[in-house]
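Enquirer: whatever this is, show me its structure:
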Amino acid sequence: MKTKTQNILFPMLSFHERDRRFNLARKMMAAQGVDCLIVAGGGFDEPDAWFTNDSHGGTVVFPLKGEPVYLVHRAIHGITATEVNRRRGILPWIENYQAWENLAEGLISAFKSLGLEKGVIGLAGHWSLVPAVTAKLPDLKFQDAMLPLLVPMTMFKSDEELAMARHSANIGEQACQAMLDVVKPGVGENEVVAAIAATILLHGAHANLAITQTGAGFASLAWGPPLWVIQAQKPPIITKSDLVQSEIFPTYAGIQTQQQMSVATAPVLPLVKEMGAVARRSYEEAIKFIKPGVTFGALCDVMKKPLDEAGCWNFTPLCHSMDPLILCSPMQTMVEELPDLKKYHTEKYHTPAFAREFVLKPGLILELEPNAVRDNQRVNLGGTVIVTETGVEELNHLSTRLNIKS
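Expert: Model (predicted):
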């Protein structure tokens, strides 16, 4: 029996949550002497959505005093949709939506309407617009607001946000089950991707195109959108002794969770099974280690140790923060083992000092996604966790181990 929409929960963020966010933002702005915060939307984390409860890629003008303004590129981007929502009884968090083709002119207009022809503006994006704005408003002073303001105000989640994270991760868990159900020899990779997307969309979440690759050996290193989406070609057909891996990204109420789902078809290749076991040990060590007070850098080191002991390395991150993704472990740690990639100028990524020194606290959402590579074979698994008062809460289970389909 198919799932009916009437039997699916679609929770919404409350205006109480909006007020909590707005009050927190203004408290932190006042402490840092910032008169107005500008947040550029779009991108992976969609930071504008934290203020708007919308996802239109617009720009938030958030004053210390006065009502915020949301600038979108065209009326069709957000404004008409907002009016449709009003007619359905769903009110916007920000009342003042404005459409501007020229964003610099939109900012100048917003500053003037808020009485901000002079003062300190905290900027999270749009630095290229500063010369045009200061040409008309020379008494404004701009300073970076990404790490000092935006990250700390959004990093640690409220109870309401954590409930949305659990809901998002549950949708991801159902997408993992859909993937596991579909994967078998003779099935096309496109059928797997379609099953994942259908499950996420059915439950009202945004389905970012899943990173999906089919194939053991070197093919397991092609981590990105399905190759048949990037370039017209026939999707690969799953065979025996194959490996299908997908990084699933359900986003609900602006909260993204991730599930790194790997399914091997029998008989499983010995190296695939071994890399899966190494990645699982890395995940288990992280679960034992995470608690308030430890640093993100120490977590990276703990997760890396099982790989080192097995003579493996990681191509993609072992762990990173979620919502926003600002903390990230080292990756491509031994990319020199892949001589075929040297001509592409592939480099290692090193975790910045501020991220290594970041102290974990309750309410932080992390993605544990250990991946083990050796002899051109990579296996990736993992899921989303929440740092709690006493340790860690796991939100996913299917994707945290190598699944075998006989």
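Enquirer: just checking, next helix/strand downstream of the longest helix seen in the chain?
Expert: Criterion DSSP state H: the longest helix present in the chain is helix 159-182. Proceeding N to C from helix 159-182, the next assigned helix or strand is helix 189-202, under DSSP states H and E.
Enquirer: point out the other helices and strands that that following helix packs with.
Expert: Where contact means 3 or more Cβ pairs under 8 Å, 6 or more residues apart in numbering; DSSP states H and E, helix 189-202 is packed against helix 159-182, strand 206-214, strand 243-252. Every C-beta, even on glycine, is put in place using the N, C-alpha and C of the backbone.
Enquirer: of the ones you listed, which shows the lowest average pLDDT?
Expert: Of all those, the minimum mean pLDDT falls on strand 206-214 (a mean of 86).
Enquirer: just the angle between it and helix 159-182, please?
Expert: Angular relation of strand 206-214 and helix 159-182 on a 0 to 180 degree scale: 40 degrees, by axes from the mean of the first three to the mean of the last three Cα atoms, to 10 degrees.
Enquirer: list the buried ones in the helix or strand sitting right after strand 206-214 along the chain?
Expert: For strand 206-214, the following helix or strand on the C-terminal side (DSSP H and E) is helix 227-230. Under the neighbour-count criterion of 16 or more other Cβ atoms under 10 Å, helix 227-230 has 227-228 buried.
Enquirer: residues contacting the closest residue to residue 20 other than its chain neighbours?
Expert: In this structure, residue 20 finds its nearest non-sequential neighbour in residue 158, 6.0 Å apart by Cβ to Cβ, 6 or more residues apart in numbering. In this structure, residue 158 makes contact with 17, 20, 363, judged by Cβ atoms under 8 Å, 6 or more residues apart in numbering.
Enquirer: turn the helices and strands packed on helix 189-202 into a markdown table, columns for mean neighbour count and distance to residue 97.
Expert: What follows is those, written out as a markdown table (neighbours: other Cβ atoms under 10 Å; distance: least, Cβ to Cβ, whole Å):
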| stretch | mean neighbour count | distance to residue 97 |
| --- | --- | --- |
| helix 159-182 | 21 | 23 |
| strand 206-214 | 20 | 20 |
| strand 243-252 | 26 | 22 |
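Enquirer: now distance to residue 75 too, for those, in JSON lines please.
Expert: As requested, these are arranged in JSON lines below (distance: least, Cβ to Cβ, whole Å):
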{"stretch": "helix 159-182", "distance to residue 75": "29"}
{"stretch": "strand 206-214", "distance to residue 75": "22"}
{"stretch": "strand 243-252", "distance to residue 75": "25"}
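Enquirer: residue 98 should be in a helix, yeah?
Expert: No: with DSSP: H, G, I helix; E, B strand; the rest coil as the criterion, residue 98 is assigned strand and is not in a helix.
Enquirer: before we move on, the earlier item: residue 78 is nearest to which of the helices and strands packed on helix 189-202?
Expert: strand 206-214 (15.3 Å; Cβ to Cβ).
Enquirer: relative to that closest one, what are the paired strands and their orientations?
Expert: Within its sheet, and counting by DSSP bridges, strand 206-214 is paired with strand 243-252 (antiparallel).
Enquirer: distance from the chain centre to the strand it pairs with, please.
Expert: Computed by Cα atoms, centre = their mean, to the nearest Å, the chain-centroid distance of strand 243-252 equals 11 Å.
Enquirer: average model confidence for whatever helix or strand comes next after that strand?
Expert: Note on strand 243-252: by DSSP H and E, the next helix or strand toward the C-terminus is strand 255-256. Mean per-residue pLDDT for strand 255-256: 95.
Enquirer: can you name every helix or strand that the next helix or strand after strand 255-256 contacts?
Expert: Reading on from strand 255-256 to the C-terminus, the next helix or strand found by DSSP H and E is strand 259-265. Strand 259-265 sits against helix 159-182, strand 243-252, helix 270-289, strand 377-380, strand 383-387, strand 403-405, with contacts defined as 3+ Cβ pairs under 8 Å, 6+ apart.
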